[in-house]
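Chemist: Predicted model follows, preceded by the sequence.
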Amino acid sequence: MIGLFGAFFFAAFSRATTIDTYSFTQGGYGNSQSVEAPFAGSFSGAVEPNGLIELSDLISFSLFSNSTTPSFFSFNTNGGASSLDTAVPPGSLDETVCIGATAAFGGTIAGTNCGAGGSLGYNAVDGLTFTTNQLPDVTLISSVTNPAPAPEPGTLTLSALASLIFLGMFRSRFSPGTRQAPPILLSPSI
């Protein structure tokens with residue numbers, strides 16, 4: 001019976017899921033040899049109720065058309081481009097890549113130093129260190145909201161019936177006037 005209540009309340013309070021897909025470009029990455037390398041990619045993720053897409057919410061992430069998995073990811077869908085921060089560990093690329101506000105302003109995310117001297121972000125590709133002081137451009141490509149699942153009529157009927165039975169049992173057990181006093185045993189006097 002408790003399972004029925006749990007299923008009913010879970011279904012009643014479940015939320016619609018919004019899946020957003022974004023593309024991003026962060027320019028201004030340059031190195032001591034005056035080579036410019038803009039970074040571009042895309043990501044899709046489930047938007048949390050507070051508007052964030054965190055690492056655990058990611059469905060896909062690609063950088064330079066390579067599907068990869070970041071070690072850190074955070075984007076506030078209400079906060080704009082300056083709220084994108086991600087670090088991609090070595091793997092599909094030669095070195096760690098930092099993208100977003102931390103790359104532009106410096107700092108550390110997920111144990112990765114993304115700031116050269118704490119003022120510029122960096123990224124090493126093919127042994128070269130690239131720095132930038134530009135924020136990324138983030139563009140919403142698509143947003144799909146899946147409706148919250150609705151309980152089937154049979155589930156609602158069973159939940160209502162179980163509720164009535166439970167209330168009836170509770171009421172008959174604890175209603176005043178329905179309790180009977182235990183019988184009093186009289187012992188014969190000697």
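Modeler: Great, that's in hand. Numbering: from 1, shown residues only.
Chemist: Sketch out the low-pLDDT regions of the protein for me.
Modeler: Scanning the chain with the threshold set as pLDDT under 70 gives 1-15, 30-37, 90-95, 115-129, 150-151, 156, 169-190.
Chemist: any idea which helix or strand carries Thr18?
Modeler: Take DSSP states H and E as the rule and Thr18 turns out to sit in strand 17-26.
Chemist: could you point out which element follows that strand?
Modeler: Under the assignment DSSP H and E, the closest C-terminal helix or strand after strand 17-26 is strand 39-47.
Chemist: partner strands of that next one, parallel or antiparallel?
Modeler: In the sheet containing strand 39-47, its partner strands are strand 17-26 (antiparallel), strand 58-63 (antiparallel), by DSSP bridges.
Chemist: Could you say which of these is packed most deeply?
Modeler: Using mean count of other C-beta atoms under 10 Å, the stretch among these with the greatest mean number of neighbours is strand 17-26 (a mean of 18). Where C-beta positions appear, they are placed from N, C-alpha and C, glycine not excepted.
Chemist: what residues does it touch?
Modeler: Residues from elsewhere that reach strand 17-26 (C-beta atoms under 8 Å, 6 or more residues apart in numbering): 38-47, 53, 59, 75, 77, 81, 84, 99-100, 103-104, 132, 134-146, 148.
Chemist: For Ala160, find the nearest of the strands paired with strand 39-47.
Modeler: Proximity to Ala160 (C-beta to C-beta) singles out strand 17-26 among those, at 27.2 Å.
Chemist: now the spatially closest residue to Pro89 that is not a sequence neighbour: how far from Thr155?
Modeler: Of all residues not flanking Pro89 in the chain, Ser71 sits nearest, at 4.7 Å (C-beta to C-beta, 6 or more residues apart in numbering). Ser71 sits at a distance of 42 Å from Thr155 (criterion: C-beta to C-beta, to the nearest Å).
Chemist: And the helices in the chain?
Modeler: Read by DSSP state H, the chain holds these helices, from start to end of the chain: 2-13, 101-105, 153-174.
Chemist: just checking, the residue nearest to Pro89 touches Cys98?
Modeler: No. The criterion here is C-beta atoms under 8 Å, and Ser71 misses it with Cys98 at 10.4 Å.
Chemist: Run a quick neighbour tally on the closest residue to Ala16 other than its chain neighbours.
Modeler: Counting by C-beta to C-beta, 6+ apart, the nearest residue to Ala16 once its immediate chain neighbours are dropped is Ala148, at 4.7 Å. By the measure other C-beta atoms under 10 Å, the count of residues near Ala148 is 12.
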